[in-house]
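Peer 1: give me a model of this one.
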Amino acid sequence: MAIKFGRPIEMRDMPWRQTAVSANPLDLTMRPRRNRKSEWARRLVRENVLTTDDLIWPLFVVAGHNVRDGVASMPGVNRLSVDQAVRDAERAAKLNIPCIALFPYTDPSLRDEEGSEALNADNLVCQSVRAIKKEFPDIGVLCDVALDPYTSHGHDGLLADGKILNDETVAVLVRQALVQAEAGCDVIAPSDMMDGRVGAIREALDDAGFGDVQIMSYAAKYASAFYGPFRDAIGSAKTLTGDKRTYQMDSANSDEALREVELDIAEGADMVMIKPGMPYLDIVRRVKDTFAMPTFVYQVSGEYAMIAAAAGNGWIDGDRAMMESLLAFKRAGADGILTYFAPQAAEKIKAQS
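Peer 2: Numbers count the residues shown, from 1 in each chain. Predicted structure coming up:
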């Protein structure tokens, strides 16, 4: 006897039939397992497929030459000097990864209250953009726009009396975006979560002749515990005073994410991003279904570190967990994924092709 809609039902109610010649008295008419019987069959009916076209590879850049400095909380991830970032860009090109994202580790001596190094046309990010585009002009380069890698207090914006100043910060972010565009950046990605920054940056880019530079807004960026290793990588973990909950989103909210995305689209965003990834798959799905915009997701440092650490301890199959997590983003509706696993995933995809 089986239970259906809360009432007992007899076998005769079930959608199968019995035949006198069948060796199995429960000869099912519908057998979903038939489509899973072998790898070729699973491939035929697979609803979502991960390709290298879905990947954006974040890189951390640091001063020096021939530097590959491991990030302790992100096994397998390094801070790279500009020359080594160029070599990783070469690897990305060979693996057919279409885009890389750059994040700087700024020397503490260059950090100040205003994040002024963000406006230096020869800062690490700008140096890296120019060097990468010189050797590999066909690879996309995405640049983060926010002040946290440059401020002595670790916040994404200007701070006064313990409060983040929205409009004053936007004015600085506009200048930062222009500096990056002048260096050759292809995609400006504001991650600061200040109100109105997408529209201000779009207007400034257009006025300065950078109408083809795209904007991928961190449209729904949550105040999350999963950012810890990233802050280690860029050096803001020890400098951050307080938290970022007055400008990053409350993790309890879902409808608010739709309002944030709608505003950024109206202001001129070409693509939108949800961050973090796995804990917010429902947001990815809602955003994609609601707006049908190019929708990206960031598999953040904490997500990467958990998989990498568990794999390193032999607790899980790291490769399978990596690929399963990335495919989950595609299933949720993401068009692309920023992930530190990009080169490893691309290698696996290449080997399977």
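Peer 1: and stretch 287-307, how far out from the chain's middle?
Peer 2: Distance, stretch centre to chain centre, for stretch 287-307: 5 Å (C-alpha atoms, centre = their mean, to the nearest Å).
Peer 1: shift numbering so it begins at 301
Peer 2: Yep, numbering from 301; the last one is stretch 587-607 now.
Peer 1: okay, now that stretch: how far is its last residue from its first?
Peer 2: End-to-end distance for stretch 587-607, by C-alpha to C-alpha, to the nearest Å: 26 Å.
Peer 1: for the protein, which residue is closest to the average position?
Peer 2: Closest to where the C-alpha atoms of the chain average out (C-alpha atoms, centre = their mean) is Tyr598, at 1.7 Å.
Peer 1: can you give me phi and psi for it?
Peer 2: Backbone dihedrals for Tyr598, given as degrees, to the nearest 10, come out at phi -110, psi 110.
Peer 1: ok, and the helix or strand in this protein with the lowest average confidence?
Peer 2: Lowest by mean pLDDT, DSSP states H and E among the helices and strands of the chain is strand 302-304, with a mean of 42.
Peer 1: and the contacts of stretch 453-462?
Peer 2: The contact list for stretch 453-462 (C-beta atoms under 8 Å, 6 or more residues apart in numbering) reads 413-415, 446-448, 451, 464-466, 468-469, 472, 491-494, 531, 536-537, 539-542, 544, 547. The C-beta positions use only the backbone N, C-alpha and C, and glycine is treated the same way.
Peer 1: filter those residues down to just the ones in helices.
Peer 2: Within those, residues falling in helices by DSSP state H are 466, 468-469, 472, 531.
Peer 1: ChimeraX command for the buried members of those residues?
Peer 2: This is the ChimeraX syntax for the buried subset of those, where burial follows 16 or more other C-beta atoms under 10 Å:
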select :466,469,472,531
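Peer 1: reformat the ones in helices among the contacts of stretch 453-462 as JSON lines; add distance to Ala592 and pLDDT.
Peer 2: What follows is the ones in helices among the contacts of stretch 453-462, written out as JSON lines (distance: C-beta to C-beta, whole Å; pLDDT from 0 to 100):
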{"residue": "Asn466", "distance to Ala592": "29", "pLDDT": "98"}
{"residue": "Glu468", "distance to Ala592": "35", "pLDDT": "98"}
{"residue": "Thr469", "distance to Ala592": "31", "pLDDT": "98"}
{"residue": "Val472", "distance to Ala592": "33", "pLDDT": "98"}
{"residue": "Arg531", "distance to Ala592": "34", "pLDDT": "94"}
